[in-house]
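Asker: Predicted coordinates and the sequence they were generated for:
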Amino acid sequence: MQRTIIIKNAFVMQEDKFITANLLLENGVIIDISDTVSPPESEDALIIDMSGNYALPGFIDIHTHGALGIDVARANKAELSTLSEYFAAQGVTGWLASLFADTEEGLNKSIDMLCEYAKDASSGAALLGIHLEGLFVAPAHRGVFPERLLKEGDLALFERLKNRACGMLHYITLAPEVPGVYEMIAPISRAGVVVALGHTGADYDLSISSIKSGATAITHTFNAMKPFEHHEPSIIGAALESDVYCEIICDGFHLHPATVRMMLKTKGYDRIVAVTDSNMAAGMGDGRYRLNDVDIIVENGDAKSAIDGRRAASTLTMITALKNLKSFTGQPINKLSKLLSRKPAVMFGLNKSKGYIKRGFDADLVFLNQKDEVVLTVAAGRIVYNRLD
């Protein structure tokens, strides 16, 4: 049985504002939010005074390939546990493992390990699912995915991978112009998997048609896709005009701060999802790394292919993304943090249990000090990171 936790005197985010309140957490759920919470007499409650600290819904990173020298596609159970603990230290309470382009055999091995880990994972941020990226994408916009591993549309292959994924394949990135891929969008969407358009040269009309067929998101918007042109607005125009969710990587390399501001002004704060797209170099510093079968070089925090200089994911963390958003926009944390919590929860249909601090919701919380540093992370009512001691 999980221990009862009382959080006292925190600035608790309620909708888009902070109130001073106490929190009662029991059995992984938020039981009460008030200024009069006290531990039940029969319980040996843990009481934590969080005076001066901010309580936000836990961050959900829907797009990450790894950190700390660990690639999610090659990680064992111990390494996945290490990743989950590291993510928790960055304010993350839930994450999706993004799988690089690979052979079916390689993907099967990755999926099997992720399923095995998820069965009894008990530390760090929760592994919420799998994101399949880089298989059904366009060679001209493949980024650092090896061209030999890219596939034309193959619904049977997708279904084999989904059936193997123990109910965890929740997200897929597709390029609709690749032969046979457009026809996959509707059945995949009907199967309950979130379809994102990305690594694509799709024009405006095909992008709009793909959205009408069931695509509801854009993977790392502006990156690895056909650019906007005023006579041919491309997928970018479709993304900004429609109601799809747009991933953004706020590391200062993938998007200029003005581009971030423009997206927020155009789309509003309800259709933008901040992601890291981090690789194994996150948390490691500059140097040479290997992303699956691709050598990358990180200089000043910017990861690029050692062969042709193409950008190769990022070294970003979620808490740094939030700080960058604050710097880029001048907006307060209470307005921005939903891009890291509420919006990904809504995108994946988790907003009845995650993404908010409400009675009956999962006790997924991150606490920041006055310097916007993570000081405590609680996932499903368990303390998974603590720098207060």
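Answerer: Perfect, I can see it now.
Asker: ok, for residue 153, nearest residue in space, not its chain neighbours?
Answerer: Among residues not flanking residue 153 along the chain, residue 180 sits closest, at 2.3 Å (CB to CB, 6 or more residues apart in numbering). Any C-beta I mention is one placed from the backbone N, CA and C, and that applies to glycine too.
Asker: Any figure for the gap between that neighbour and residue 130?
Answerer: Distance, residue 180 to residue 130, using CB to CB, to the nearest Å: 22 Å.
Asker: quick one: which of those two has more around it?
Answerer: Neighbours per residue, other CB atoms under 10 Å: of residue 180 and residue 130, the larger number sits with residue 130, 28 against 12.
Asker: Against which helices or strands is the strand or helix carrying the more buried one packed?
Answerer: Using DSSP states H and E, residue 130 sits within strand 126-136. For strand 126-136, the elements it packs on are strand 59-64, helix 77-89, strand 92-99, helix 104-120, helix 155-164, strand 169-174, judged by 3 or more CB pairs under 8 Å, 6 or more residues apart in numbering; DSSP states H and E.
Asker: okay if I get the ones you listed as TSV plus mean neighbour count and mean pLDDT?
Answerer: What follows is these, written out as TSV (neighbours: other CB atoms under 10 Å; pLDDT from 0 to 100):
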stretch	mean neighbour count	mean pLDDT
strand 59-64	29	98
helix 77-89	21	98
strand 92-99	28	98
helix 104-120	16	97
helix 155-164	16	98
strand 169-174	25	98
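Asker: Switch those over to TSV; also include distance to residue 368.
Answerer: Formatted as TSV, these follow (distance: least, CB to CB, whole Å):
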stretch	distance to residue 368
strand 59-64	11
helix 77-89	13
strand 92-99	13
helix 104-120	28
helix 155-164	37
strand 169-174	27
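Asker: got the contact list for the nearest residue to residue 116 once chain neighbours are set aside?
Answerer: Using CB to CB, 6+ apart and skipping residues adjacent in sequence, the residue nearest residue 116 is residue 77, 6.4 Å away. The contact partners of residue 77, by CB atoms under 8 Å, 6 or more residues apart in numbering, come to 113, 116-117.
Asker: Is it possible to get TSV of those residues that adds distance to residue 143?
Answerer: Listed next are the contacts of residue 77 as TSV, based on distance: CB to CB, whole Å:
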residue	distance to residue 143
113	24
116	29
117	26
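Asker: Check those against residue 150 and report the nearest one.
Answerer: Nearest to residue 150 among the contacts of residue 77: residue 113, at 22.9 Å, using CB to CB.
Asker: my read: the closest one touches residue 80, true?
Answerer: Yes - between residue 113 and residue 80 there is a contact under CB atoms under 8 Å: 7.4 Å.
Asker: Can you give me every residue that contacts residue 191?
Answerer: Contacts of residue 191 by CB under 8 Å, 6+ apart are residue 162.
Asker: should've said residue 9
Answerer: So residue 9 contacts 20, 22, 49-51 (CB under 8 Å, 6+ apart).
Asker: so which of those comes closest to residue 380?
Answerer: residue 50 (18.6 Å).
Asker: Residue 29 versus that closest one, what's the distance?
Answerer: Going from residue 50 to residue 29 by CB to CB gives 19 Å.
Asker: Check residue 387 too.
Answerer: 25 Å.
Asker: Could you list the low-pLDDT ranges of the stretch 1-150 of the chain?
Answerer: Residue ranges of the stretch 1-150 of the chain with pLDDT under 70: 1, 39-43.
Asker: Spell out the residue ranges of the strands in the stretch 251-389 of the chain.
Answerer: For the stretch 251-389 of the chain, the strands defined by DSSP state E, counting those that start in this stretch cover 272-275, 287-291, 294-299, 302-305, 365-368, 374-379, 382-386.
Asker: For the last one, give me every contacting residue.
Answerer: Strand 382-386 has contacts (CB under 8 Å, 6+ apart) with 2, 5, 28, 84-85, 88-89, 93, 122-125, 374-378.
Asker: Swap in 6 Å and give it another go.
Answerer: Identification of contacts with strand 382-386 by CB atoms under 6 Å, 6 or more residues apart in numbering yields 88-89, 124, 376-377.
Asker: coming back round to it: isn't the residue nearest to residue 153 up against residue 155?
Answerer: No - using CB atoms under 6 Å, residue 180 is not in contact with residue 155, being 8.0 Å away.
Asker: Can you report how many residues lie near residue 196?
Answerer: Neighbour tally, residue 196, other CB under 10 Å: 27.
Asker: partners of it in the sheet?
Answerer: Note on residue 196: beta-bridge partners residue 173, residue 217, judged by DSSP bridges.
Asker: quick one: it and residue 265, what's the gap?
Answerer: 22 Å.
Asker: by how many degrees do the strand holding residue 130 and strand 92-99 diverge?
Answerer: In terms of direction (axes from the mean of the first three to the mean of the last three CA atoms, to 10 degrees), strand 126-136 departs from strand 92-99 by 30 degrees.
Asker: so strand 126-136 versus strand 374-379, what angle?
Answerer: Here strand 126-136 runs at 90 degrees with respect to strand 374-379, directions being taken by the same axes, to 10 degrees.
Asker: So what touches strand 126-136?
Answerer: Residues from elsewhere that reach strand 126-136, judged by CB under 6 Å, 6+ apart: 94, 96-101, 114, 118, 145, 151, 165, 168-174, 181, 379.
Asker: and if you look at stretch 339-352?
Answerer: By CB under 6 Å, 6+ apart, the residues outside stretch 339-352 that reach it are 57, 59-60, 62, 245, 272-274, 318, 322, 354-355.
Asker: filter the residues you listed to the buried ones?
Answerer: Buried members of the contacts of stretch 339-352, counted by 16 or more other CB atoms under 10 Å: 57, 59-60, 62, 245, 272-274, 318, 322, 354-355.
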